[in-house]
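Asker: what follows is a predicted protein model with its sequence.
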Number of protein chains: 2
Amino acid sequence: MIDTPFTFTLPLPQVIPSRVDNHIERRLSALRGQFLDEESFIKMLSSEDKLIYEVYEIQRPQLDGELIMGISIVHPGKVGKEFFMTKGHFHTILETSEIYYCLRGEGYMVMETPEGEASVEALSPGNVLYVPPRWAHRSVCTARQEDLVTFFAYPANAGHDYGTIEQQGFRKLVMDGSDSPEIVDNPRWTKSR
Amino acid sequence: MIDTPFTFTLPLPQVIPSRVDNHIERRLSALRGQFLDEESFIKMLSSEDKLIYEVYEIQRPQLDGELIMGISIVHPGKVGKEFFMTKGHFHTILETSEIYYCLRGEGYMVMETPEGEASVEALSPGNVLYVPPRWAHRSVCTARQEDLVTFFAYPANAGHDYGTIEQQGFRKLVMDGSDSPEIVDNPRWTKSR
C-alpha cells in the first residue's frame, strides 16, 4: 500500500483511471430480484448475462481518515421498462457519507434512509452530489446509448451493506416513461423491514 | 444544515459552484513570511494587496463520517521568482487524507510530513491527487495566465493547522526557471522544528 502522495488521470472519453487497484464487473445475474419485471429479467438472462455496471477502485487501508475513490460506470439498457442500475447499498458504518461527481452521461441517484425517507437526484456532467450519512444509494443510467460515469469518494472505513436493499429494493424505481424517465413507487416496498 | 441529499453544479469555464456556504479570499498580506524573496513581497504589497487564492466551500457538520468539499482557485502570478500559492496546512487530526481533482490550469501540490519527507506532484486537468494522512499540502499555480482550479474533498472533522507551516514554510519551493518551473530546496527550512 502506497503511503506517499500519488496522482492518476481520468482520461476522456472513456474515463478509466490510469491507476486501478480493483476492477469490479457486475452482470445481470448479480441483480437477480432487483428489477420489477421478473419475466423480462429471466428472458434477458437466458440469452446473455449482460454487463450492467463496472467500478474501478483505487484502494486504501480501510481506516478512519483514509478515503477510497474510483470511477463507477453504469451501462445503458433496460430490463422491461426499468433502466440498468447498480445493486445499491447502505454503508456498514451508517454514519458515513459519499461524494459523486458526474463526468459523463445522464441518470439518477436513488436514495433512502433506514426509516424510509426517499430522495432521487438527477445526475449530468458537472453535477456534484452529496450523499449524507445514513442514505443508501443506487445509480441509474437513463441515457439511450451513453454510459453514466461518476467519480466517487467515501471514508475508507465505511464498508458496504448490500443485504438490506436486496430484500425489497429501494422505495423508488426509475422507469422509461412515454417521453422521459419516470420516478415511480416500488410496489414491492413495504415499511416493515 | 441540510441532512437530505443535495446536488450542485461546477459550471465551466469559471467552475464556481452553484451552491456555496463559505467563500474564502486570501490576499498577499495573508502570506507574509511565506515567500522567499521578502524584498519583492514588500514592494508588491505596497502597491496592492493582491488576491492570491480563493476557496468555495460546501459546509457540513464537522463530524467523523461527513465530508467537506469545494473548489480551490489559485490565481497566476509570482512574488520574485516564486509562483503564487496557498498558505498550506496540516490537518489538525493528522491521520486524515484529502482528494484533489484538477479541473483547470497547471501547477503543483507541494507536500511534506512532520518528519520532513517531501513530495511534489504535478497537477493538470483530469489529474486526481491523493494526499494521504500526515501530509501537509500547498497548491501552486504555475500557468502564466490561467487559474489553477481543483475540486477537493476531505473528512469534515480534519481541521486545519496553519501554524506549523507558517514557522518555516515547506521543504520545497516552486520557482520560475529559465524554461519551466523548478522545484528547489527551501533554504530557510531546517529539520529542527
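Answerer: Cool, got the structure. All of these numbers come straight from a predicted model, not from anything done at the bench. Numbers count the residues shown, from 1 in each chain, chains lettered A, B, ... in the order given.
Asker: biggest helix in chain A, by residue count?
Answerer: With secondary structure taken from DSSP state H, chain A has its longest helix at helix A:38-47.
Asker: show me which residues of that helix are buried.
Answerer: A:41, A:44, A:45 (16 or more other Cβ atoms under 10 Å in any protein chain shown). The way it works is simple: take the backbone N, C-alpha and C, and place the C-beta from them, glycine included.
Asker: show me what the worst-scoring helix or strand of chain A on mean pLDDT is packed against.
Answerer: Averaged element by element with mean pLDDT, DSSP states H and E, chain A has its least confident helix or strand at helix A:163-168 (a mean of 90). Packing contacts for helix A:163-168, counted by 3 or more Cβ pairs under 8 Å, 6 or more residues apart in numbering or on different chains; DSSP states H and E, involve strand A:136-141.
Asker: kindly recompute the last result at 7 Å.
Answerer: Counting contacts by 3 or more Cβ pairs under 7 Å, 6 or more residues apart in numbering or on different chains; DSSP states H and E, helix A:163-168 packs against no other helix or strand.
Asker: what residues does that helix touch?
Answerer: A:33, A:87, A:88, A:89, A:90, A:136, A:188, A:189, A:190, A:193 (Cβ atoms under 7 Å, 6 or more residues apart in numbering or on different chains).
Asker: partner residues bridging residue A:71?
Answerer: residue A:56, residue A:151 (DSSP bridges).
Asker: my guess is residue A:27 contacts residue A:51, does it?
Answerer: Yes: using Cβ atoms under 7 Å, residue A:27 is in contact with residue A:51, at 5.6 Å.
Asker: so where is chain A shaky, pLDDT-wise?
Answerer: Low-confidence segments of chain A, defined by pLDDT under 70: A:1-2, A:191-193.
Asker: around chain B, pick out the residues from it.
Answerer: Residues of chain A lying close to chain B by Cβ under 7 Å from any Cβ of the partner chain are A:3-11, A:64-67, A:69, A:93, A:95-97, A:99, A:101, A:111, A:119, A:121, A:126-133, A:135, A:151, A:153, A:155.
Asker: what subset of these is buried?
Answerer: When the residues of chain A next to chain B are checked against 16+ other Cβ under 10 Å, the ones flagged as buried are A:5, A:7-10, A:64-67, A:69, A:96-97, A:99, A:101, A:111, A:119, A:121, A:126-133, A:135, A:151, A:153, A:155.
Asker: among these, which are in strands?
Answerer: When DSSP state E is applied, those are split such that A:7-9, A:67, A:69, A:99, A:101, A:111, A:119, A:121, A:127-131, A:151, A:153, A:155 fall in strands.
Asker: what is the nearest of the buried residues of helix A:38-47 to chain B?
Answerer: residue A:41 (27.9 Å; Cβ to the nearest Cβ).
Asker: I'd assumed residue A:35 was in contact with that closest one.
Answerer: Yes: contact criterion Cβ under 7 Å: residue A:41 and residue A:35 qualify, at 4.9 Å.
Asker: tally of neighbours for the nearest residue to residue A:144 once chain neighbours are set aside?
Answerer: Leaving aside its chain neighbours, residue A:144 sits nearest to residue A:76 (6.0 Å; criterion: Cβ to Cβ, 6 or more residues apart in numbering or on different chains). Residue A:76: 17 surrounding residues under other Cβ atoms under 10 Å in any protein chain shown.
Asker: enumerate every residue touching residue A:76.
Answerer: Applying Cβ under 7 Å, 6+ apart to residue A:76 gives the contacts A:84, A:141, A:143, A:144, A:145, A:146, A:147.
Asker: can you rerun that using 6 Å?
Answerer: A:141, A:143, A:145 (Cβ atoms under 6 Å, 6 or more residues apart in numbering or on different chains).
Asker: same check, this time on residue A:73
Answerer: Applying Cβ under 6 Å, 6+ apart, the residues contacting residue A:73 are A:54, A:147, A:149.
Asker: quick check: the gap between it and residue A:16.
Answerer: Residue A:73 sits 8 Å away from residue A:16, taking Cβ to Cβ, to the nearest Å as the criterion.
Asker: what do you get for residue A:110?
Answerer: The gap separating residue A:110 from residue A:16 is 25 Å, by Cβ to Cβ.
Asker: the more surrounded of those two?
Answerer: Per other Cβ under 10 Å, whichever of residue A:110 and residue A:16 has more neighbours is residue A:110, with 25 against 14.
Asker: that one is in contact with residue A:120, isn't it?
Answerer: Yes: counting by Cβ atoms under 6 Å, residue A:120 is a contact partner of residue A:110 at 5.3 Å.
Asker: shared neighbours, those two?
Answerer: With Cβ under 6 Å, 6+ apart as the test, residue A:110 and residue A:120 both reach residue A:172.
Asker: thinking again about what came up before, next, the buried residues of the least confident helix or strand of chain A.
Answerer: residue A:165.
Asker: and what of stretch A:140-154?
Answerer: Buried residues in stretch A:140-154 (16+ other Cβ under 10 Å): A:140, A:141, A:142, A:143, A:147, A:148, A:149, A:150, A:151, A:152, A:153, A:154.
Asker: can you name the residues that contact residue A:158?
Answerer: Here residue A:158 is in contact with A:91, A:93, A:96 (Cβ under 6 Å, 6+ apart).
Asker: ok, residue A:93 next?
Answerer: Contacts here follow Cβ under 6 Å, 6+ apart; on that basis residue A:93 touches A:158, A:159.
Asker: follow-up on the earlier one: can you flag the buried ones in the contacts of helix A:163-168?
Answerer: Going by neighbour count (16+ other Cβ under 10 Å), the contacts of helix A:163-168 have A:88, A:89, A:90, A:136, A:189 buried.
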